[in-house]
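Engineer: just the structure for this:
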Amino acid sequence: ATHDTNPLADLEAHPDKHGNAVDLGQRPPETRCARIADALGAIEQALPTLYAELATTLERIVPVGYDEQIHLSASYREAPGLVYLSLHPANLTMAEAIVHETQHGKLNAVSWLDPVLENAFTEWTTSPVRPDERPLMGVLLAAHAFVPVAALHQRLAEIAHPLSAEPGFAARRRDVLTTNQKSLATLDRLAKPTQVGARILGALNALHRA
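Structural biologist: Modelled structure (predicted):
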């Protein structure tokens, strides 16, 4: 999409970002579409079940610039299916971001029906993936996003996908697994899950162990 009417797009929860205005980053739309298609192809090969879910969980991608060094993405609880992605030269990074943000959308959708954690916004703690303190729901959102990213890494390696042979893949995989362990340990120590939340945490821990 090159037009966005989400009234919340300028609201930003991350300290290193400043909103999500539409920005093609001086790159032609065809380049961005091709990169997204490559990322989706990798997800389809590695995680076909998650890929099938994208028909429901990914409605629209809004471009928010280009950067060779860092990648920025965002989504909003109030707008399930809407994802903001910057363009990055690494296909693995783009694939990770699509998994990450659509996972946020799934958990956010659940949170409209169930609080998931009884202390979701009353308990604050340091986050393994953020420089600022976060409510415990933020830590759960991170784990819920990055544990499937680790599963993506694992399957890419198992099927010998070309992305798994790129420089930095093994180090990135180790970093994500380490961060996931820290996030899940924090949740295990502090979270007071509802019945729904306990099922989610149980599934995340099982996937992380696998």
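
Engineer: for stretch 166-179, give the mean pLDDT please.
Structural biologist: For stretch 166-179, the mean per-residue pLDDT is 96.

Engineer: where does the residue lying closest to Ser183 once chain neighbours are set aside land in three-state SS?
Structural biologist: The shortest distance from Ser183 to any residue other than its chain neighbours is 4.1 Å, reached at Ala143 (CB to CB, 6 or more residues apart in numbering). Just so you know, the C-beta spots here come from the backbone N, C-alpha and C atoms, and that holds for glycine as well. Classification of Ala143 by DSSP: H, G, I helix; E, B strand; the rest coil places it in helix.

Engineer: measure Ala143 to Met137 for me?
Structural biologist: 11 Å (CB to CB, to the nearest Å).

Engineer: ok, the two, which is more surrounded?
Structural biologist: Neighbour tally, Ala143 and Met137, criterion other CB atoms under 10 Å: the higher count belongs to Ala143, 28 against 23.

Engineer: quick one: contacts for the more buried one?
Structural biologist: Contact partners of Ala143, counting by CB atoms under 8 Å, 6 or more residues apart in numbering, are 180, 183-184, 187, 204.

Engineer: redo that, cut-off 6 Å
Structural biologist: By CB atoms under 6 Å, 6 or more residues apart in numbering, the contact list for Ala143 reads 183-184, 204.

Engineer: could I get those as JSON lines with secondary structure, distance to Ala74 and neighbour count?
Structural biologist: Listed next are the contacts of Ala143 as JSON lines, based on DSSP: H, G, I helix; E, B strand; the rest coil; distance: CB to CB, whole Å; neighbours: other CB atoms under 10 Å:
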{"residue": "Ser183", "secondary structure": "helix", "distance to Ala74": "19", "neighbour count": "25"}
{"residue": "Leu184", "secondary structure": "helix", "distance to Ala74": "23", "neighbour count": "23"}
{"residue": "Leu204", "secondary structure": "helix", "distance to Ala74": "22", "neighbour count": "20"}
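
Engineer: residues near Gln195, how many?
Structural biologist: Using other CB under 10 Å, Gln195 has 8 other residues around it.

Engineer: again, but for Thr126
Structural biologist: Neighbours of Thr126 (other CB under 10 Å): 12.

Engineer: what about it, distance to Ile70?
Structural biologist: The gap separating Thr126 from Ile70 is 21 Å, by CB to CB.

Engineer: which SS class is the residue most central in space within the chain?
Structural biologist: Closest residue to the average C-alpha location of the chain: His100 at 1.5 Å, with CA atoms, centre = their mean. What three-state DSSP gives for His100 is helix.
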